[in-house]
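> how does the following fold in three dimensions:
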Amino acid sequence: MDIAYLFDWLNLLLRWAHVITAVAWIGASFYFVMLDNSLSPPTHEDLKKKGVDGEMWAVHGGGFYHSNKYMVAPRWLPLPQNLHWSYWESYSTWLTGFGLFTTLYLYNAGTFLVDKTVFDWTPGAAIGAALGFLAAFWLIYDGICRTLGQRKNGDIVVGACVFVFVVFASWLACQLFAGRAAFLLVGAMLATAMSANVFFWIIPGQRKVVASLRAGETPDPVHGKRGKQRSVHNTYFTLPVLIAMISNHYGWLYQGEHNWLVLVLLMLAGALIRHSFVARHKAHVLGKRTPWEHAVVGTLVLLGLAIWLAPPPPSAAAQAAAAKPVAFAEVKAVIDQRCTMCHNAQLQNKNVALHTPELIQQHAQAVYQQAVVLKLMPMNNATQITEDERALIKRWFEAGAPTAP
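Model (predicted):
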């Protein structure tokens, strides 16, 4: 069986599993952030006597839910053995994501990681640097949190330092890797820190607290503070990670000269919008208005970005050229020069061959979508297709993709 076909199946299944586990992790994370910020002090005397720190009533699916939070184990009930832990969603998301990154980007580093017009190096060096990005970000980020996070105004200082570090990492990634890979790698870098927060701090701290309570000891409050800090960081990382991941489908985001700035602005907008939703829960509990200011700023950032990246209007010469019929020979010459190196009788990436007029017409929709609309092909523009050539394919496709001379 063809190895490329098997890899396509592997990529499909890993991508599916990654989405499933990410939905579970993000859903649980967002729910608990909402729950934590929506708690109000208990009003019933019985709840106060039981040591309830906060409560929330909710209605969903035809039933009513009454959630109670205890800062320590309830005094009136032994801590059960079958506690529900939320960590496999995080681990599974990272494992499937790294598996997908390995089979697609690391296995095909020469195609997906390396763009010699950006930085000319070997696939092996690019692989080492990509893995180094994941490890280095976690180590530096973790060091920032441990050294600065417990000081006065620590959260603000840590947030500012991490933001500057993410900006630098985004710039550096876009100087070393193909634009598409750079965006994904920055997202993977943040996602690795998120899972590492769960693995190294949140869950171990919770296990120590549980062990202390079962031993009849008073838990060290530092574990709760650390876990809360990293959990808050994770909720702000989430939307930046998601936009970095889905950016792969939009070539015009990462193909420009200032692609690193595009990535930073996208992630900043996501974090600002997320902050409004986090603050909204607390505002509702306190009876205050919804603080949408940060979401408005994030939306304006996206609007400004859309205006900045908008293609310029066609020149008079381009408009005149668009009025002329396109000869198929011109289109075939472009495809022969820019596309057939990966789509021919011997090598048919994604099971697409473009070496005959019949095959070009058969795949006209895909050629138009990938090369003109999304600008994803050629991969990393390895064959240096020009904007005029993309426009030529566009005019040919819009004319019905004829192959007659």
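
> correct me, but residue 405 touches residue 330?
No: contact between residue 405 and residue 330 fails when scored by Cβ atoms under 8 Å: they sit 11.2 Å apart. C-betas here are computed from N, CA, C, even on glycine.

> of these two, who's got more company?
residue 330 (14 against 7; other Cβ atoms under 10 Å).

> per-residue confidence for that one?
Looking at residue 330, its pLDDT is 87.

> what distance do you get for it to residue 124?
40 Å (Cβ to Cβ, to the nearest Å).

> which stretches in the chain count as strands?
54-60, 63-69 (DSSP state E).

> show me the helices in the stretch 251-400 of the chain, by range?
Secondary structure of the stretch 251-400 of the chain (DSSP state H, counting those that start in this stretch): helices located at 251-254, 259-285, 293-309, 316-322, 328-338, 357-362, 364-367, 387-398.

> typo on my end, the stretch 51-200 of the chain
Using DSSP H, counting those that start in this stretch, helices in the stretch 51-200 of the chain cover 88-101, 109-112, 123-148, 154-176, 179-197.

> follow-up on the earlier one: single out the most deeply packed of the strands of the chain.
Highest mean neighbour count of those: strand 54-60, a mean of 13 (counted as mean count of other Cβ atoms under 10 Å).

> ok so, going back, what's the closest of the helices of the stretch 251-400 of the chain to residue 96?
helix 259-285 (21.8 Å; Cβ to Cβ).

> any buried residues in the closest one, and which?
Burial within helix 259-285, assessed by neighbour count using 16 or more other Cβ atoms under 10 Å, is assigned to 259-281, 283.

> stretch 200-211 now?
Buried residues in stretch 200-211 (16+ other Cβ under 10 Å): 201-203, 205-206, 209.

> tell me the mean pLDDT over stretch 200-211?
pLDDT averaged over stretch 200-211 gives 93.

> report the mean confidence score over stretch 262-269.
So the average pLDDT for stretch 262-269 ends up being 98.

> pull the CA atoms of it into CSV?
Included here for stretch 262-269 are C-alpha records, laid out as CSV according to Å, rounded to 0.1, in the frame of the first residue of the first chain:
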residue,chain,number,x,y,z
VAL,A,262,0.1,40.0,11.9
LEU,A,263,0.5,37.0,14.2
VAL,A,264,1.1,39.2,17.3
LEU,A,265,-1.9,41.4,16.6
LEU,A,266,-4.2,38.3,16.0
MET,A,267,-3.1,36.8,19.3
LEU,A,268,-3.5,40.1,21.1
ALA,A,269,-7.0,40.5,19.8
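
> what residues does that stretch touch?
By Cβ atoms under 8 Å, 6 or more residues apart in numbering, the residues outside stretch 262-269 that reach it are 166-167, 170, 174, 182-183, 186, 239-240, 243-244, 247, 253-254, 256, 298-299, 301-302, 304-305, 309.

> 6 Å instead?
Stretch 262-269 has contacts (Cβ atoms under 6 Å, 6 or more residues apart in numbering) with 167, 170, 183, 240, 243, 253, 298, 301-302, 305.

> got it, and stretch 92-109?
Contacts for stretch 92-109 (Cβ under 6 Å, 6+ apart): 10-11, 14-15, 17-18, 21-22, 25, 112-113, 123, 126-127, 181, 195.

> tell me the one of the residues you listed nearest residue 338?
residue 112 (18.1 Å).

> which residues touch the closest one?
105, 181.

> quick one: which of the contacts of stretch 262-269 is most hemmed in?
Of the contacts of stretch 262-269, with other Cβ under 10 Å as the count, residue 183 tops at 29 neighbours.

> low-scoring stretches of the stretch 251-400 of the chain, by residue?
Within the stretch 251-400 of the chain, the ranges that satisfy pLDDT under 70 run 316-323.

> sorry, wrong one. I was asking about the stretch 51-200 of the chain.
73-76.

> quick one on the thing from earlier: narrow the contacts of stretch 92-109 to those that are buried.
Buried residues within the contacts of stretch 92-109, defined by neighbour count using 16+ other Cβ under 10 Å: 14-15, 17-18, 21-22, 25, 112-113, 123, 126-127, 181, 195.

> which of those sits closest to residue 79?
Using Cβ to Cβ, the buried ones among the contacts of stretch 92-109 come closest to residue 79 at residue 25, 25.1 Å.

> surely residue 375 touches residue 250?
No: counting by Cβ atoms under 6 Å, residue 375 sits too far from residue 250 to count as a contact (8.3 Å).

> how about the buried ones among the contacts of stretch 92-109 in a markdown table, adding distance to residue 347?
Converted to a markdown table, the buried ones among the contacts of stretch 92-109 look like this (distance: Cβ to Cβ, whole Å):
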| residue | distance to residue 347 |
| --- | --- |
| 14 | 23 |
| 15 | 23 |
| 17 | 29 |
| 18 | 28 |
| 21 | 33 |
| 22 | 33 |
| 25 | 38 |
| 112 | 16 |
| 113 | 20 |
| 123 | 18 |
| 126 | 22 |
| 127 | 23 |
| 181 | 21 |
| 195 | 37 |
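
> max pairwise distance over the residues you listed: which two?
25 and 123 (31.2 Å).

> top helix in the chain by residue count?
As assigned by DSSP state H, the longest helix anywhere in the chain is helix 3-38.

> can you mark which positions in that one are buried?
14-15, 17-18, 21-22, 24-26, 29, 33-34, 36-38.

> ok, now stretch 118-125?
Here stretch 118-125 shows 118, 123 as buried, counting by 16+ other Cβ under 10 Å.

> all set, thanks.
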